[in-house]
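1. the sequence and its predicted three-dimensional model are supplied below.
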Amino acid sequence: MKRLTLVIGLIGLAAAAPSFAQECDLRIEGNDQIQFNTKEMRVSSSCEQVTVTLVHVGKLPANIMGHNWVLTKTEDYMPVAQAGQSAGPPNYVPAGDERVIAATEVVGGGEETSVTFDLSRLEPGGDYTFFCSFPGHFALMNGKFIVE
Ligand code: CO
(Lines give C-alpha, C1' and ligand atoms only; values in the text may rest on other atoms or scores of the structure.)
Protein backbone atom coordinates (compact mmCIF):
# COMPACT_ATOMS: atom_id res chain seq x y z
CA MET A 1 0.00 0.00 0.00
CA LYS A 2 2.88 2.33 0.85
CA ARG A 3 4.52 1.58 -2.45
CA LEU A 4 1.36 2.35 -4.39
CA THR A 5 1.09 5.72 -2.64
CA LEU A 6 4.69 6.47 -3.59
CA VAL A 7 4.03 5.65 -7.24
CA ILE A 8 0.95 7.83 -7.30
CA GLY A 9 2.95 10.59 -5.63
CA LEU A 10 5.64 10.40 -8.30
CA ILE A 11 3.07 10.49 -11.08
CA GLY A 12 1.61 13.58 -9.45
CA LEU A 13 5.02 15.27 -9.36
CA ALA A 14 5.74 14.42 -12.97
CA ALA A 15 2.39 15.84 -14.02
CA ALA A 16 2.93 19.04 -12.05
CA ALA A 17 6.48 19.73 -13.23
CA PRO A 18 5.81 20.85 -16.82
CA SER A 19 3.31 23.51 -15.74
CA PHE A 20 5.98 25.17 -13.57
CA ALA A 21 8.54 25.04 -16.34
CA GLN A 22 6.12 26.50 -18.86
CA GLU A 23 5.91 29.82 -17.01
CA CYS A 24 9.42 30.53 -18.28
CA ASP A 25 8.71 29.18 -21.77
CA LEU A 26 6.76 31.54 -23.97
CA ARG A 27 5.28 30.87 -27.39
CA ILE A 28 4.32 33.40 -30.02
CA GLU A 29 2.98 33.01 -33.55
CA GLY A 30 3.58 35.03 -36.69
CA ASN A 31 1.39 34.75 -39.79
CA ASP A 32 1.28 35.71 -43.47
CA GLN A 33 -0.59 38.95 -42.66
CA ILE A 34 2.47 40.50 -40.98
CA GLN A 35 1.04 39.92 -37.51
CA PHE A 36 2.09 38.41 -34.24
CA ASN A 37 -0.77 36.77 -32.32
CA THR A 38 -0.15 38.89 -29.22
CA LYS A 39 0.79 42.47 -28.33
CA GLU A 40 1.98 41.54 -24.87
CA MET A 41 4.17 38.84 -23.36
CA ARG A 42 4.59 38.37 -19.61
CA VAL A 43 7.18 36.50 -17.67
CA SER A 44 7.94 36.13 -13.99
CA SER A 45 11.13 37.71 -12.66
CA SER A 46 11.64 34.41 -10.79
CA CYS A 47 12.65 32.79 -14.10
CA GLU A 48 16.43 32.58 -14.42
CA GLN A 49 16.15 31.98 -18.12
CA VAL A 50 13.37 32.47 -20.59
CA THR A 51 12.84 30.55 -23.80
CA VAL A 52 10.75 32.20 -26.49
CA THR A 53 9.57 29.98 -29.32
CA LEU A 54 8.39 31.71 -32.47
CA VAL A 55 6.09 29.65 -34.69
CA HIS A 56 5.44 30.91 -38.23
CA VAL A 57 1.93 29.63 -38.90
CA GLY A 58 1.82 31.04 -42.43
CA LYS A 59 2.83 29.51 -45.74
CA LEU A 60 5.01 32.15 -47.38
CA PRO A 61 8.77 31.59 -47.50
CA ALA A 62 11.30 33.44 -45.32
CA ASN A 63 12.59 35.68 -48.12
CA ILE A 64 9.09 37.11 -48.68
CA MET A 65 7.38 36.87 -45.28
CA GLY A 66 10.23 36.26 -42.85
CA HIS A 67 9.67 36.62 -39.14
CA ASN A 68 12.01 36.76 -36.21
CA TRP A 69 11.62 37.76 -32.57
CA VAL A 70 13.91 40.48 -31.31
CA LEU A 71 13.90 41.98 -27.81
CA THR A 72 15.28 45.38 -26.81
CA LYS A 73 14.53 48.14 -24.37
CA THR A 74 11.64 50.15 -25.80
CA GLU A 75 13.91 53.17 -26.29
CA ASP A 76 16.18 51.01 -28.49
CA TYR A 77 13.43 49.39 -30.52
CA MET A 78 13.23 51.84 -33.44
CA PRO A 79 16.99 52.39 -33.83
CA VAL A 80 17.71 48.65 -33.64
CA ALA A 81 14.90 47.87 -36.09
CA GLN A 82 16.42 50.35 -38.54
CA ALA A 83 19.94 49.01 -37.96
CA GLY A 84 18.55 45.52 -38.59
CA GLN A 85 17.24 46.54 -42.00
CA SER A 86 20.70 47.89 -42.86
CA ALA A 87 22.31 44.67 -41.56
CA GLY A 88 20.32 42.77 -44.18
CA PRO A 89 19.64 39.07 -44.71
CA PRO A 90 19.45 36.44 -43.54
CA ASN A 91 18.61 37.67 -40.04
CA TYR A 92 18.24 41.47 -40.15
CA VAL A 93 19.87 41.97 -36.77
CA PRO A 94 22.99 44.12 -36.33
CA ALA A 95 25.89 41.84 -35.40
CA GLY A 96 27.29 42.25 -31.89
CA ASP A 97 24.85 45.04 -31.02
CA GLU A 98 24.57 45.22 -27.23
CA ARG A 99 21.13 46.79 -27.44
CA VAL A 100 19.81 43.43 -28.65
CA ILE A 101 18.78 41.50 -25.54
CA ALA A 102 17.69 38.43 -27.50
CA ALA A 103 16.97 37.53 -31.11
CA THR A 104 15.94 34.46 -33.04
CA GLU A 105 16.85 33.67 -36.60
CA VAL A 106 14.36 34.53 -39.36
CA VAL A 107 11.94 31.74 -40.28
CA GLY A 108 9.36 31.23 -43.01
CA GLY A 109 5.94 29.62 -43.12
CA GLY A 110 5.65 26.27 -41.34
CA GLU A 111 8.92 26.76 -39.49
CA GLU A 112 9.71 27.58 -35.89
CA THR A 113 12.69 28.82 -33.96
CA SER A 114 13.52 29.68 -30.39
CA VAL A 115 15.91 31.69 -28.30
CA THR A 116 16.87 31.25 -24.64
CA PHE A 117 18.24 34.17 -22.68
CA ASP A 118 19.13 35.21 -19.16
CA LEU A 119 16.48 37.25 -17.43
CA SER A 120 19.09 38.82 -15.13
CA ARG A 121 19.72 41.55 -17.75
CA LEU A 122 16.13 42.75 -17.46
CA GLU A 123 14.59 44.74 -14.65
CA PRO A 124 11.13 43.92 -13.30
CA GLY A 125 8.81 46.70 -14.43
CA GLY A 126 11.29 47.83 -17.11
CA ASP A 127 10.08 48.97 -20.51
CA TYR A 128 10.89 46.36 -23.16
CA THR A 129 9.60 45.83 -26.68
CA PHE A 130 9.70 42.75 -28.88
CA PHE A 131 9.43 43.00 -32.64
CA CYS A 132 10.14 41.40 -36.01
CA SER A 133 13.10 43.08 -37.73
CA PHE A 134 12.34 41.75 -41.22
CA PRO A 135 12.14 44.79 -43.57
CA GLY A 136 8.86 46.64 -43.19
CA HIS A 137 7.55 44.46 -40.36
CA PHE A 138 8.58 46.21 -37.15
CA ALA A 139 5.83 48.82 -37.30
CA LEU A 140 3.15 46.10 -37.39
CA MET A 141 4.82 43.26 -35.54
CA ASN A 142 5.69 44.51 -32.08
CA GLY A 143 4.53 44.33 -28.49
CA LYS A 144 5.47 44.83 -24.88
CA PHE A 145 7.61 42.36 -22.99
CA ILE A 146 6.73 42.58 -19.32
CA VAL A 147 8.79 41.21 -16.45
CA GLU A 148 6.63 41.03 -13.34
CO1 CO B 1 8.11 39.48 -39.85
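-> Structure received.
2. need the nearest residue in space to Pro94, chain neighbours excluded.
-> Ala83 (4.2 Å; Cβ to Cβ, 6 or more residues apart in numbering). Using the backbone N, CA and C atoms, a C-beta is placed for each residue, glycine as well.
3. touching, the one you found and Asp97? I think so.
-> Yes. Using Cβ atoms under 8 Å, Ala83 is in contact with Asp97, at 6.5 Å.
4. more neighbours: which of those two?
-> Ala83 (18 against 15; other Cβ atoms under 10 Å).
5. mind listing the helices for this protein?
-> Counting by DSSP state H, the chain has helices at residues 2-22, 62-65, 74-87.
6. got a list of contacts for the last one?
-> When contacts are defined by Cβ atoms under 8 Å, 6 or more residues apart in numbering, helix 74-87 is touched by residues 70, 72, 92-95, 97, 99-100, 127-129, 131, 133, 135, 138, 142, 144.
7. buried among the residues you listed? Make that a ChimeraX selection.
-> Filtering the contacts of helix 74-87 down to the buried ones (16 or more other Cβ atoms under 10 Å) takes a single ChimeraX command:
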select :70,72,92,93,94,100,128,129,131,133,138,142
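8. list the contacts of the residue nearest the centre of the chain.
-> The residue lying closest to the centre of the chain (Cα atoms, centre = their mean) is Val52, at 3.5 Å. Residues in contact with Val52 (Cβ under 8 Å, 6+ apart) are 26-28, 41, 69, 71, 102, 104, 114-116, 130.
9. cool, and Glu29?
-> Counting by Cβ under 8 Å, 6+ apart, Glu29 has contacts 36-37, 54-57.
10. so what pairs up with it in the strands?
-> Glu29 has these beta-bridge partners by DSSP bridges: Val55.
11. ok, Tyr128 next?
-> Applying DSSP bridges to Tyr128 gives these bridge partners: Lys73, Phe145.
12. I'd say it and Leu71 touch.
-> Yes. Counting by Cβ under 8 Å, Tyr128 touches Leu71, with 6.2 Å between them.
13. can you find the helix or strand in this protein with the smallest mean pLDDT?
-> helix 2-22 (a mean of 51; mean pLDDT, DSSP states H and E).
14. need the residues of the protein near the ion, please.
-> Counting by Cβ under 5 Å from the ion, the residues of the chain close to the ion are 67, 132, 134, 137.
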